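Peer 1: Provided below for reference: sequence and predicted model.
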Amino acid sequence: MHKKRRYFYLFLLVLLLCTTTLWIIKIDHGTVPYLDQWSRDFVENLAGTKFYFLCRWLTELGSGTFLTPLTIIMGAVLWRMYRDWFTGMMFAGGTLLSYVINIAIKVMVARERPRIFAAAEAEGYSFPSGHAMISMVCYGLLLYFITRKLKSKKAVITVKTGLPILIIVIGISRYMIRVHYLTDVLAGFGFGLLFVLIWIKLYEYLKQLRTRTTPS
């Protein structure tokens, strides 16, 4: 069952990345992906509503202003939890690297935003959403590292439920406040998830390597 679930998640990831590639091709040719054509009118009437202001607050949980100190603090916490600087460094380094990769992809695709909103860190290019991608990496790595140390089954379930919901909410909030197209957010999730999976594999490989080379 566990193997089937892993293949299912892998299928979803490949599907999303293939779809993202098609979106990039469309954007590069100056056309709007069909999903954005169908979904952009939905958020037009949200401005000024209570739901809009809720989304405006939630989006801050994926901002650089919030994630930068969180990454530093949680890097130190993980260092203490694992009694190893390497784990804290891999968490912080992964989050930082995802930011650099996000900027690089944005520059390559060069998609203009639906609107500029400096107060919500919505300047520059749009695809993929940095809030969606970097939140996926930061909170996704936290989920991986923290649940490996939790002994309470209830606490593990809470983290495994709460953090994915938080990631989704942060990403979707960018679409709701109209600083990203829906495809920007979904692509951010896809690139972020791919990065998390690769980074975890790298961490596990380097951890085994360090164990072999450390004198007993």
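Peer 2: Structure received.

Peer 1: State the next helix or strand along the chain beyond the helix or strand harbouring I25.
Peer 2: Using DSSP states H and E, the element containing I25 is helix 2-28. As assigned by DSSP H and E, the chain's next helix or strand after helix 2-28 is helix 34-39.

Peer 1: Now do the helix ranked longest in the chain against helix 2-28, angle only.
Peer 2: Counting residues, the longest helix found in the chain (DSSP state H) is helix 182-213. When axes from the mean of the first three to the mean of the last three Cα atoms, to 10 degrees is applied, the directions of helix 182-213 and helix 2-28 differ by 130 degrees.

Peer 1: now for helix 182-213, which elements pack on it?
Peer 2: Contacting helix 182-213 under the criterion 3 or more Cβ pairs under 8 Å, 6 or more residues apart in numbering; DSSP states H and E are the following elements: helix 2-28, helix 34-39, helix 85-109, helix 130-147, helix 153-176. Every residue, glycine included, has its C-beta placed from N, CA and C.

Peer 1: Select, out of those helices, the one closest to Y203.
Peer 2: Shortest distance between Y203 and the helices and strands packed on helix 182-213, using Cβ to Cβ, is found for helix 85-109: 4.9 Å.

Peer 1: same question for that closest one, mean pLDDT?
Peer 2: Averaged over helix 85-109, pLDDT sits at 93.

Peer 1: what about the closest residue to E44 other than its chain neighbours, which SS state?
Peer 2: Counting by Cβ to Cβ, 6 or more residues apart in numbering, R178 is the residue found nearest to E44 once chain neighbours are left out, at 7.7 Å. Three-state call for R178 (DSSP: H, G, I helix; E, B strand; the rest coil): coil.

Peer 1: Identify the residues contacting R178.
Peer 2: Contacts for R178 were tallied using Cβ atoms under 8 Å, 6 or more residues apart in numbering; they are V43, E44, L46, A47, P114, R115, F117.

Peer 1: Name the residues of the helix or strand of the chain with the lowest mean pLDDT that are buried.
Peer 2: Across the helices and strands of the chain, mean confidence by mean pLDDT, DSSP states H and E is lowest for helix 2-28: a mean of 80. Neighbour-count burial for helix 2-28 flags L16, T19, T20, W23, I24, I27 (criterion: 16 or more other Cβ atoms under 10 Å).

Peer 1: Check for me that M74 belongs to a strand.
Peer 2: No. Checked against three-state DSSP, M74 lies outside a strand; its state is helix.

Peer 1: Could you double-check that it lies in contact with L142?
Peer 2: Yes. Using Cβ atoms under 8 Å, M74 is in contact with L142, at 6.1 Å.

Peer 1: circling back to that earlier point, quick check, nearest of the buried residues of helix 2-28 to T158?
Peer 2: Distance to T158, by Cβ to Cβ, is smallest for L16 among these, at 26.5 Å.
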